[in-house]
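Chemist: Return atomic coordinates for the entry below.
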Amino acid sequence: MPPVLPGMHFHDLRHTHKTWLIEDGIPEIAQARRLGHRLPGVRGIYSHVTEPMIAAVVDALQRRWETTQPDRAGDTVRRLRVVA
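Modeler: Residues are numbered from 1 along each chain as shown. I've put the predicted structure just below:
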């Protein structure tokens, strides 16, 4: 199957997802957990993901899903090009 955009790789979606988490104000520890990363040093030891953080991630992704219009798929692809 060809890429959505020439030169786009599956891993680019992780970069987009991380950017969305930052835009949505998700705490760094919750971002790291979502992406399977660990924070270094003291931040990684003393930071913990809470139920409200998990709910915030789900809510933010749900808002993005609901506000994406199927008839604007071309716009979405153009926006992804900027991120990639």
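
Chemist: Tell me which residue lies nearest the centroid of the protein.
Modeler: In the chain, the C-alpha closest to the average C-alpha coordinate belongs to residue 17, at a distance of 2.0 Å (Cα atoms, centre = their mean).

Chemist: Now the longest helix anywhere in the chain: buried residues?
Modeler: Longest helix in the chain by number of residues, with DSSP state H as the criterion: helix 51-67. Buried residues in helix 51-67, counting neighbours by 16 or more other Cβ atoms under 10 Å, are found at 53, 56, 57, 60, 61. For glycine as for every other residue, the C-beta is placed from the backbone atoms N, C-alpha and C.

Chemist: Lowest-confidence entry in these?
Modeler: Sorting those by confidence puts residue 61 at the bottom, with a pLDDT of 93.

Chemist: For burial, what's the neighbour tally of the closest residue to that one other than its chain neighbours?
Modeler: Nearest non-adjacent residue to residue 61, counting by Cβ to Cβ, 6 or more residues apart in numbering: residue 20, 7.7 Å away. By the other Cβ atoms under 10 Å criterion, the neighbourhood of residue 20 contains 16 residues.

Chemist: Report the contact partners of residue 20.
Modeler: With contact taken as Cβ atoms under 8 Å, 6 or more residues apart in numbering, residue 20 is in contact with 60, 61, 64.

Chemist: Can I get the helix or strand hosting residue 17 in CSV? Just the C-alpha atoms.
Modeler: Residue 17 belongs to helix 10-23 when assigned by DSSP states H and E. In CSV, the C-alpha atoms belonging to helix 10-23 read as follows (Å, rounded to 0.1, in the frame of the first residue of the first chain):
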residue,chain,number,x,y,z
PHE,A,10,4.4,5.1,9.8
HIS,A,11,6.7,6.5,12.5
ASP,A,12,5.8,10.0,11.4
LEU,A,13,2.4,9.3,12.9
ARG,A,14,4.0,9.0,16.3
HIS,A,15,5.5,12.5,15.8
THR,A,16,2.1,13.9,14.9
HIS,A,17,0.5,12.2,18.0
LYS,A,18,3.2,13.6,20.3
THR,A,19,2.5,17.1,18.8
TRP,A,20,-1.2,16.7,19.4
LEU,A,21,-0.6,15.7,23.0
ILE,A,22,1.5,18.8,23.5
GLU,A,23,-1.1,21.1,21.8
